[in-house]
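1. Quick one: sequence plus predicted model below, questions after.
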Amino acid sequence: MSLLEIRNLTKSFGGVHAVDDVSFDVEEGEVFTIVGPNGAGKSTIFNLMSRFYDVTDGTIKFDGREITGLRSDEIAGIGIARTFQNIELFDHSTVLQNLLVGRHTKRKTSFIENVLFTPRVRAEERAHRRAAEDVIEFLDLHAYRNKMIAGLPYGVRKVVEIGRALACGPKLLLLDEPASGLSVEETQDVAFWIEDMQKDMGLTILMVEHDMSLVTQVSDRVLALNNGQMLSMGTSEEVQSDPKVIEAYLGVEEVG
Amino acid sequence: MRIHFKTKYDDDINLFEDGRKMFWYGLLVVLAILLPFMLDEYLLGEAVNVLIWAVAGMGLMILAGHTGQASLGHGAFLACGAYMEVWLQNKGVPFLLSLPLAGLFAGIVGAIVAIPALKMSGIYLAIATLAMGVIAEDVIILLEPYTGGIDGVFLGAFTLFGMEIDRYINPDKFYWTCLGVVIIVTFGYANLLRSSTGRAFMAIRDSEISARAMGINVARFKTIAFGLSCFVTGLAGALLAHYMGAFNYEAFLILISIQLLLMIVVGGMGSIHGAFFGAAVVGFLPQVVTMVREVVTTVAIPGLDMGIFALILITIIIVEPLGLYGRWIKIRIWFELFPLARRDMFRRNKSYLKTERMK
Amino acid sequence: MEVAQLLLGGIASGCIYGLIALGFVLIYKATESVNFAQGDMMMLGAFITLQLVNTDYWGLPFWLAIPLAIAIMAAIGYALEALIIRKLFGQPQFAVVILTIAIGFVLRFIAGFIWGHEPQSLETPFIGVNLRFSGLVIGMDEVFVIGVTLLLTLLLYLFFAKTKLGMAMQAASQNQLAAYYMGVPVKRINGLVWAIAGGTATVAGVMFAARGAIDPSMGLLGIKAFAAAVIGGFGSLPGALLGGLIIGIIEPFAARYGAPGYSQIAPYALMLLVLIVRPNGIFSQVQSKKV
């Protein structure tokens, strides 16, 4: 059984099919990347998985469980964490607090215990903090631990978003364009982190990305979409040499 | 410049990050306890007023400052607490029980109000709560059997630990009672902010969509925020009832609700300190304004307090969106860094309006 | 006959609510925030007219004073935007809401300081002039109110639909940054929107004053106009007018046929109901944010 099974997934807004009959599996421990031109439906798939949108048709099975009926806030709890294309951090909190919010699904104390700050809460806070510290260590965020998000450079914020998703302790990590807007060096860091997350933490990663060098470097398999439809699936090399993909990106070559 | 070297996680988890901070806040509490020996009866009454406004301000701050849900009708919950306290006291319920019950009543009403309010955001929530505040005035009059209608109600002294406490007969004991409530509420509020519930509130404030993705049940936590906020505001209402002694619906006009929100903005949104700074301004501004005015003219100018308060508010919003507390922090940092502070250190970025409308 | 009489009075006051709501909508469309001082601007407009018209003050002819008052209030509206509101350019909606509430308080204080807190009446040409149609008494003030509202709505409609400036305003309201790139002077446009809002506020104020006494706290009427704006949908000018009419008509009927004590709740209850059913207004423009 695959960790993620997507079957005949369709989403239409009005009459437009943003995602049209898409099916694919993501195996445990795999880095799976979705590529495609703008408007191909990549982010829509993420939003369907996050349950921000309701599916029009099709199924999404995670860990053998159908998730299309869950609420959006139940998704993190079953082990799917995500980042956002346009950075959606909690701007008026510190990096540490952002990571601690990532631990929300692991909370066991009620709000009344929180108000009283019982010893159980303290123990829980310490445990959250240790987990957050592991993430800080992994992503090398020490220098920014107590800095407000609002004042941080773009590249750092992008990393904090990955950190916040990691703090959730997910099985499946959804990365929505993790390298967009980053410099070559920063992109390289992201590539190493993705490899480490896959190899050392055993995470499964589903990624949307435009930067083909990053895609080639880290992806086990790649799915190319165009106009919401599946164009090609396989290794990065296979997809990139697929005539249909070339056609979608560059247009039809006129003969004669 | 002082650098605090943290050696364990508890340094961040504890209420005070180091002994020095603990000392200063401890000193503040001691001073507050000794205040009745330093002030005359009139000023002590004003100090009580500040304490009650601080409690009400903290109540609204939970909702508006930390969860991002602005309410322009919180006077309604002040009224819930006040009238419930009157009812319970008349039934002979002891103060130690009636006070939390009055708060609880307001909290439950708040949690119920939250149900329709959950779906609203931004100005629509502000307008809806404003309408609720206006309706509350009429509802108070309609519920005459409990509220005394237009004539209002009377509330005498209460008994605490075997002592009869009345605002006029033993103002010092009344002051200490209020101070006790302030300290307990502040402590609970600070606890909230250093735990997962408080972080969930702030997450909802900053990005609802992201909060959802992190597994926060937004509806549930907004309801909790409403409930806690109204509970605390209800406590303030109960204290206010004893403070006013006799009152009717005019004590909870919509302008009171608006003033409460303006107060925490002046103090500084998103910090407990802001509620206290704001309460101090609202409490002592009238005396200061009167003192200054008497230098110029002996004729009373109606509405002068509110006019000046509004001018202060306009100035603060334009030059210091984080309120008096924000300014206080900047001044403190400036002194700590002296002479290294740069002029542009706190410069704000200008930006174009980011629309959430999709057309 | 009684129903017709109530209806007429309701329509007349509905026009006033509608015009205040029109001010809300104008500014909301342009800046995506609400001017909580709109009611107080109406109050100020009414008092400025009173200053110009009443024989105790300057005693100018009514029909000369009105355009003058509108011009003064438009200037004040522009100045408020240019000197205060503009400082918050790009700041969150909430800051502007608080700021305009504070401006409202200041305006109320200034009016109270200049004209006192006692209710005063504007001397209009229609006091006590009535038209009679077989038992139905139509006050000249009512005719005036309804007529002016229709005229003003038509003018605003033509302005936004036909003139270049009006269309630039619409563009700026839909996407500030894009409008800026296209060469629309966004800041100046916002100032002009505030000027127009000041003008309509004056008209609403004069109409209110034509039907009763005015005092500095009459700006609280703005809260009722919120009901109109919400019912009509915050983004729609005709909607605001329609919402105003609905509120205006409900009021006298609730007072006549409803239980005493409950009737004044009616407009607010209706507004809350609308908000509960359509949390973002009837013609909702706010959609969930795209991520």
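-> In hand now; what should we look at?
2. Residue 168: how many residues sit nearby?
-> Went with chain A since none was named. Using other Cβ atoms under 10 Å in any protein chain shown, residue A:168 is surrounded by 27 other residues. Where C-beta positions appear, they are placed from N, C-alpha and C, glycine not excepted.
3. should've been chain C
-> Residues lying near residue C:168 (other Cβ under 10 Å) number 19.
4. Show the contacting residues for it.
-> By Cβ atoms under 8 Å, 6 or more residues apart in numbering or on different chains, the contact set of residue C:168 is C:179, C:184, C:189.
5. tell me which element it falls in.
-> In this structure, residue C:168 sits in helix C:164-174 according to DSSP states H and E.
6. returning to that earlier point: by neighbours, which of the contacts of residue C:168 wins?
-> Taking other Cβ under 10 Å as the neighbour criterion, residue C:189 ranks highest of the contacts of residue C:168 with 22 neighbours.
7. is it true that that residue touches residue C:172?
-> Yes. Contact criterion Cβ atoms under 8 Å: residue C:189 and residue C:172 qualify, at 4.7 Å.
8. so what's in contact with those two at the same time?
-> The contact lists of residue C:189 and residue C:172 share C:30, C:179, where a contact means Cβ under 8 Å, 6+ apart.
9. Bridge partners for the residue of the stretch 101-250 of chain A found nearest chain C, pull those for me.
-> Nearest residue of the stretch 101-250 of chain A to chain C (Cβ to the nearest Cβ) works out as residue A:176 at 8.1 Å. Beta-bridge pairing for residue A:176 (DSSP bridges): residue A:208.
10. Can you report how many residues lie near the closest residue to residue A:117 other than its chain neighbours?
-> Leaving aside its sequence neighbours, residue A:117 sits nearest to residue B:191 (Cβ to Cβ, 6 or more residues apart in numbering or on different chains; 3.9 Å). Per other Cβ under 10 Å, the neighbour tally for residue B:191 reads 19.
11. Tell me the secondary structure at residue B:191.
-> helix (DSSP: H, G, I helix; E, B strand; the rest coil).
12. Chain C: strands as residue ranges?
-> All strands of chain C, identified by DSSP state E, fall at C:130-133, C:136-139.
13. Equivalent analysis for the stretch 51-200 of chain A, please.
-> Secondary structure of the stretch 51-200 of chain A (DSSP state E, counting those that start in this stretch): strands at A:57-62, A:65-66, A:80-82, A:172-176.
14. Point out the most buried one among the ones you listed.
-> strand A:80-82 (a mean of 27; mean count of other Cβ atoms under 10 Å in any protein chain shown).
15. so how far is chain A from residue C:105?
-> Between residue C:105 and chain A the computed distance is 27 Å (Cβ to the nearest Cβ, to the nearest Å).
16. Can you give me the pLDDT of the residue in the stretch 101-250 of chain C that chain B sits nearest to?
-> The minimum distance from the stretch 101-250 of chain C to chain B, using Cβ to the nearest Cβ, falls at residue C:109 (3.0 Å). Note on residue C:109: pLDDT of 91.
17. Let me see the contact set for it.
-> Contacts of residue C:109 (Cβ under 8 Å, 6+ apart): B:303, B:304, B:306, B:307, B:310, C:216.
18. Leaving out the residues flanking it, which one is nearest to the fifth one?
-> Read it as residue B:310. Nearest one to residue B:310, counting by Cβ to Cβ, 6+ apart, is residue C:105 at 3.6 Å.
19. Check the second one too.
-> The spatially closest residue to residue B:304, leaving aside those adjacent along the chain, is residue B:289, at 5.9 Å (Cβ to Cβ, 6+ apart).
20. got it, and the fourth one?
-> Beyond its immediate neighbours in the sequence, the residue positioned closest to residue B:307 (Cβ to Cβ, 6+ apart) is residue C:109, lying 3.0 Å away.
21. unless I'm mixing things up, residue B:231 is touching residue B:62, no?
-> No. Here residue B:231 does not reach residue B:62: they are 9.2 Å apart, not a contact under Cβ under 8 Å.
22. Report the central residue of chain A.
-> Centroid-nearest residue in chain A: residue A:174, 1.7 Å away (criterion: Cα atoms, centre = their mean).
23. Around the residue of the stretch 51-200 of chain C found nearest chain A, count how many other residues there are.
-> Residue nearest to chain A within the stretch 51-200 of chain C (Cβ to the nearest Cβ): residue C:92, separated by 11.0 Å. Other residues within reach of residue C:92, judged by other Cβ under 10 Å, total 14.
24. and what of the one 5 residues further on?
-> Applying other Cβ under 10 Å, we find 22 other residues in the vicinity of residue C:97.
25. for residue C:264, same thing?
-> Neighbours of residue C:264 (other Cβ under 10 Å): 19.
26. in chain B, which residue is closest to the centre?
-> residue B:57 (0.7 Å).
27. quick one: low-confidence parts of chain B?
-> Low-confidence segments of chain B (pLDDT under 70): B:1-4, B:336-359.
28. Tell me where the longest helix sits in it.
-> Longest helix in chain B, counting residues (DSSP state H): helix B:218-244.
29. So which elements touch that helix?
-> helix A:111-116, helix B:41-60, helix B:75-90, helix B:95-117, helix B:171-193, helix B:196-206, helix B:208-213 (3 or more Cβ pairs under 8 Å, 6 or more residues apart in numbering or on different chains; DSSP states H and E).
30. With distance to residue C:207 as added columns, please give those helices in a markdown table.
-> Formatted as a markdown table, these follow (distance: least, Cβ to Cβ, whole Å):
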| stretch | distance to residue C:207 |
| --- | --- |
| helix A:111-116 | 51 |
| helix B:41-60 | 36 |
| helix B:75-90 | 31 |
| helix B:95-117 | 34 |
| helix B:171-193 | 48 |
| helix B:196-206 | 41 |
| helix B:208-213 | 41 |
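31. Of all the ones you listed, which one is nearest residue C:153?
-> helix B:95-117 (32.1 Å; Cβ to Cβ).
32. No more questions from me, cheers.
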